[in-house]
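Peer 1: Return atomic coordinates for the entry below.
(3 chains)
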Amino acid sequence: MALADRPPSTDEVAPRLSLWRLVWPARVPGAARRTARVPWIPIAIISIIVVMAIFAPWLAPYSPIDQTLRDKLLPPAWLAGGSDKYFLGTDAFGRDILSRLIYGARVSLMVAVLALTAGGGVGLAIGIVAGYLGGAVDGVLMRLVDAAFTFPAILFALLLAVTMGQGLGTLVIAITLLLWASFARVIRGEVLSLRQRDFVALARVRGCSAPRIMLTHILPNVLNTFMVLVTLNIGVVIIAEATLSFLGAGIPPPTPTWGLMISEGRGRIADAWWVALIPGIAITLMVLSVNLFGDWLRDRLDPRLRQL
Amino acid sequence: MTPDKRGETVLEVRDLHTHFFLRRGVVKAVDGVSFSLRRGEVLGLVGESGCGKSLTALSLMRLLPKGGARTIKGEVLLDGENILECTPAEMREIRGRRISMVLQDPQTSLNPVFTIGDQLREAILRRKRSTRAEVMKEAVAALRRVEISAPEQRIGQYPHQMSGGMKQRVVGAIAISGEPGVLIADEPTTALDVTIQLQYLKLLKRLQAETGMAILFITHDFGVVGRMCDRVAVMYAGRIVECGPVRQIFEAPQHPYTRALIASVPRMSGPLGRLTTIEGQPPSLMDLPVGCRFASRCSLVEQRCLDAYPGTVRVGEEHTADCWKVAPA
Amino acid sequence: MSGEPLLRVEGLRKHFALTKGILFARTLGYIKAVDDVSFEIRAGQTLGLVGESGCGKTTTSRMILNLEAPTEGRILLEGEPIHALEGAALGAYRAKVQAVFQDPWSSLNPRMKVGRTIAESLIVNASRDRGRGDQARIDGRVRELLLQVGLRPEQAQQYPHEFSGGQRQRVALAAALASRPKLIVLDEPVSALDVSIRAQMMNLLKDIQAQDDVAYLLVAHDLATVRHMADHTVVMYLGKIVEQAPTASLFEDVRHPYTRALFSAVLVAGPGRQEEEIVLKGEVPSPLNPPSGCHFHPRCPWVMPRCSQQEPALREVSPGHSVACHLFDNA
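Peer 2: Next comes the predicted model:
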């Protein structure tokens, strides 16, 4: 049977330029292909937030925790009653929303990086081992994954917060426990099909041990999937952090996190809406941008992953 | 092998061009293909991967892959009318009824979640409305026609319960249920075992004798060509480089590519030595040379081969070759 | 032709049990994928293993590669059984027996440079010898191998997707040659390639056999390829050997009805038919429930009553040429 050499990849003909297309890259109908457009606006938003997080001390006009009670609950500068001193207004303690937003980005991103590294890393390892070794090992590990899925994750996080005390560590552990199972499951699926490929059998024929095969053959081939999973889960982590902080199980005040800011502004939506809404918009923009970027990345790296 | 039947021309392809329009260039996958197909005959379309034979078939059915591929020039005359100008609705009527197709992979040609009976019924109902009982009778008859044993039981089976050879027969049954005048078979036996392939080819020949349909048989295997085809067209880099009756092509191939291809196939008898090979690679379809496309690999190449593409030369009765070096009849 | 053959296979059987249920598994039946297969391969020679799907040739080759354990029977390399080899002994075996598989797209790790893939068995063996292999030596050998298979040494830095199908098979061959094996299992090495590329690959395989004195186990379904490459041929049907002979003898004097059908089904690239065509009835039976007696009897054009009752034994009908068929019981 003569297999045809791969036919030429068929990108679409260059589409008309449009603002909408910049934000939402054109999904060309038909067989697997590279995506047309780089999503510049999502990338810009992500970059801004990352820059905010890294350079927070230099960018923020005020300290995020200094209270100036006589300036409390000032609306953003462009509204009536606002002041040029506080561009996005202040909260109930007179703290500058903009500065808290900037420092909040730092916390959110740090939690995201730590939780994704830990949760993603654990999930990746377990997925590869379970998928490649199969048999009893796979059985046991997958039952653990099933158990992790049946956990009421938020309740468990609250439980941790109560027993271990609130803080960055507790928060990261809680979110890691949320994440690892879904990584493990998806990676395992990928490994199961990889295992059937001839080059894995040939690696055995050449004398490679199972650990060597998992490290040099399986791992590089699941990295694409892994990276896509990471980008798609950033949003999950940020919202998880926000939720937990909102519920009081995350980082304790006065450290600003976006979730905490929403929680604090909850009671005042009617008269001081900006306290809750602005961090809310920030979260929305971040998660949306990360998801769009993740979609594009997935399409670029491997269109077969479209079902993720 | 086949009676020397002169049927009328049922399908005529004139100067067909199907190109892929990519960002980095245009892939001229089918670049000026012309042939005709007569009632009751089997025309083989032979070539290696990338020569454009499958895409030619898809162009005839107007089933080009979405995104970039377009038939930009040429005519496809089915019983005299140009189907490239039909509306999508008209084309839907034509597909399955007047021109039908069988593909290579039996595993993916059938829907795995429907029974054989359901899939046959779908094809039968397209032709006419019938009661369920009548449709079932027709379905059983269709299966019997393709020599499937115990058809009443097979009706209720799912594709995965059947072997590859059997699946190909079912696919064949579905394809001919509309009684098409033209059947396009794109490598239908490539994925089958040799003994099963022989069964299938004999079946196809028998069905053809019964229905008088014309078959365009696409393959890379010259052995199959010898067994099945009356005439054969050899494709290379998007064009047909030689076309003629099978006997003539085997006994006296004119085009250097055809000669080299036939010579490179290991034989079942005769001296065992080094096999003849063709050096080099086919040209990129995005960057075709202005002269003969086989020139860079041809042992007989001359300057004029590089300068201009040779016209189609008639070298025998119904036998043509695109080469500067052949002697016209 | 001296003494011990390089590889000897004796009474090889592989049965797969079909079970139902997870905790308390019930055995529904056995698939006898390989059912009493014996043959030998001499150093530097090629044995062709021919048959259609389900005959057991791939399973046999996998057992020889130690990817599956036989249910019964022995495989001996240079006189030593290979079953239950471990550690250094297994490593030594792996260095001597290598493989090239059918699909050029699936045989190479897409994320690994081609040079690294070729060097793999060298790297594994080096680490086993506590790092005695140095990078320069390995690089040199990779360069040498690329040249031997007709590729350019600088291509070691390229990735598989930059190569065509035929070139990828060459890379796979270079990788198999790295550890200087004595035997290479070729599982349909050319069937996925274009016609004109097949010829190149077959010429290359024969050249390398002549240069390196390596034996081949050629698993194929195409008789013309086998004729061209194999010194001896074994024909399998539903797990059993039905005929085996030196290739020349087989082609001159085909005996077994199945082999004759196989020959008949090979379509010659030429017009017309020579001998009468044998078209087999029906399909290959399910290996779960093979026919009684001779497995081929339901489809055999020359079936006799005896065939469904008693399994024929492999009997020699001429020097080196054996057939398992009741038609030749009194040869």
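Peer 1: residues near C:Tyr93, how many?
Peer 2: C:Tyr93 has 17 neighbouring residues, counting by other C-beta atoms under 10 Å in any protein chain shown. For the C-beta atoms, the positions are set from N, CA and C on the backbone; glycine is no exception.
Peer 1: which residues touch it?
Peer 2: Contacts for C:Tyr93 (C-beta atoms under 8 Å, 6 or more residues apart in numbering or on different chains) come out as C:Asn66, C:Leu77, C:Ile82, C:Leu85.
Peer 1: how close does the last one sit to C:Ala176?
Peer 2: From C:Leu85 across to C:Ala176, the span is 19 Å (C-beta to C-beta, to the nearest Å).
Peer 1: next one: the second one
Peer 2: Counting by C-beta to C-beta, the gap from C:Leu77 to C:Ala176 is 16 Å.
Peer 1: okay, those two: which has more neighbours?
Peer 2: Neighbour count, other C-beta under 10 Å: between C:Leu77 and C:Ala176, C:Ala176 has more, with 28 against 21.
Peer 1: Give me the sheet partners of the strand or helix carrying C:Arg74 and which way each runs.
Peer 2: Using DSSP states H and E, C:Arg74 falls within strand C:72-77. Using DSSP bridges, strand C:72-77 pairs in its sheet with strand C:7-20 (antiparallel), strand C:80-81 (antiparallel).
Peer 1: Next, count neighbours for the residue of the stretch 51-200 of chain B at minimum distance from chain A.
Peer 2: When scored by C-beta to the nearest C-beta, the stretch 51-200 of chain B has B:Lys66 as its residue closest to chain A, at 3.4 Å. Burial measure for B:Lys66: 13 neighbouring residues, criterion other C-beta under 10 Å.
Peer 1: Next up, phi/psi of it, please.
Peer 2: Dihedral pair for B:Lys66: phi -70, psi 150, per degrees, to the nearest 10.
Peer 1: which one is residue 222 nearest to, not counting chain neighbours?
Peer 2: All of this refers to chain A. Once flanking residues are discounted, A:Val222 sits nearest to A:Glu190: 5.1 Å by C-beta to C-beta, 6 or more residues apart in numbering or on different chains.
Peer 1: wrong chain, I was asking about chain C
Peer 2: C:Ser191 (6.7 Å).
Peer 1: Around the one you found, how many other residues sit close by?
Peer 2: So C:Ser191, with other C-beta under 10 Å, has 17 neighbours.
Peer 1: my guess is B:Val265 contacts B:Phe222, does it?
Peer 2: Yes. Applying C-beta atoms under 8 Å as the test, B:Val265 and B:Phe222 come out as touching, 5.9 Å apart.
Peer 1: Looking at those two, which has the bigger crowd around it?
Peer 2: Per other C-beta under 10 Å, whichever of B:Val265 and B:Phe222 has more neighbours is B:Phe222, with 26 against 21.
Peer 1: how far away is that one from chain A?
Peer 2: Computed as C-beta to the nearest C-beta, to the nearest Å, the B:Phe222 to chain A distance reads 12 Å.
Peer 1: same question, C:His221
Peer 2: Taking C-beta to the nearest C-beta, one finds C:His221 at 10 Å from chain A.
Peer 1: tally of neighbours for the residue in the stretch 101-250 of chain A that chain B sits nearest to?
Peer 2: For the stretch 101-250 of chain A, the residue closest to chain B is A:Gln196, as judged by C-beta to the nearest C-beta, at 15.3 Å. By other C-beta under 10 Å, the residues close to A:Gln196 number 9.
Peer 1: three-state assignment of it?
Peer 2: In three-state terms, and counting by DSSP: H, G, I helix; E, B strand; the rest coil, A:Gln196 is coil.
Peer 1: Now it: phi and psi?
Peer 2: Torsion angles, degrees, to the nearest 10, at A:Gln196: phi -80, psi -10.
Peer 1: and for the strand holding C:Arg74, what are the contacting residues?
Peer 2: Contacts of strand C:72-77 (C-beta under 8 Å, 6+ apart): C:6-13, C:36-38, C:63-64, C:81-83, C:93, C:96-97, C:182-183.
Peer 1: What residues sit buried inside it?
Peer 2: Neighbour counts using 16 or more other C-beta atoms under 10 Å in any protein chain shown place C:Gly73, C:Ile75, C:Leu76, C:Leu77 of strand C:72-77 among the buried residues.
Peer 1: Output these in a markdown table; the columns should cover pLDDT.
Peer 2: Below are the buried residues of strand C:72-77 laid out as a markdown table (pLDDT from 0 to 100):
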| residue | pLDDT |
| --- | --- |
| C:Gly73 | 94 |
| C:Ile75 | 94 |
| C:Leu76 | 93 |
| C:Leu77 | 93 |
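Peer 1: Would you format those residues as JSON lines with distance to B:Lys202 included?
Peer 2: Below are the buried residues of strand C:72-77 laid out as JSON lines (distance: C-beta to C-beta, whole Å):
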{"residue": "C:Gly73", "distance to B:Lys202": "39"}
{"residue": "C:Ile75", "distance to B:Lys202": "40"}
{"residue": "C:Leu76", "distance to B:Lys202": "44"}
{"residue": "C:Leu77", "distance to B:Lys202": "44"}
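Peer 1: Can you tell me, leaving aside adjacent residues, what's nearest to the residue in the stretch 201-329 of chain B that chain C sits nearest to?
Peer 2: Residue nearest to chain C within the stretch 201-329 of chain B: B:Gly223 (3.1 Å; C-beta to the nearest C-beta). Closest residue to B:Gly223 in three dimensions, ignoring its sequence neighbours and counting by C-beta to C-beta, 6+ apart: C:Leu267, at 3.1 Å.
Peer 1: residues contacting the one you found?
Peer 2: Counting by C-beta under 8 Å, 6+ apart, C:Leu267 makes contact with B:Gln197, B:Leu198, B:Asp221, B:Gly223, B:Val224, B:Gly226, B:Arg227.
Peer 1: ok, of the residues you listed, which one's closest to A:Trp78?
Peer 2: Nearest to A:Trp78 among the contacts of C:Leu267, counting by C-beta to C-beta, is B:Asp221 at 75.7 Å.
Peer 1: How much space separates the closest one from C:Ser196?
Peer 2: Taken as C-beta to C-beta, the span from B:Asp221 to C:Ser196 is 13 Å.
Peer 1: ok, these two, which is more surrounded?
Peer 2: Per other C-beta under 10 Å, whichever of B:Asp221 and C:Ser196 has more neighbours is C:Ser196, with 24 against 21.
Peer 1: The more buried one should be in a helix, yeah?
Peer 2: Yes. Applying three-state DSSP, one finds C:Ser196 inside a helix.
Peer 1: does it really touch B:Ser264, like I thought?
Peer 2: Yes. C:Ser196 lies in contact with B:Ser264 (C-beta under 8 Å); the separation is 5.1 Å.
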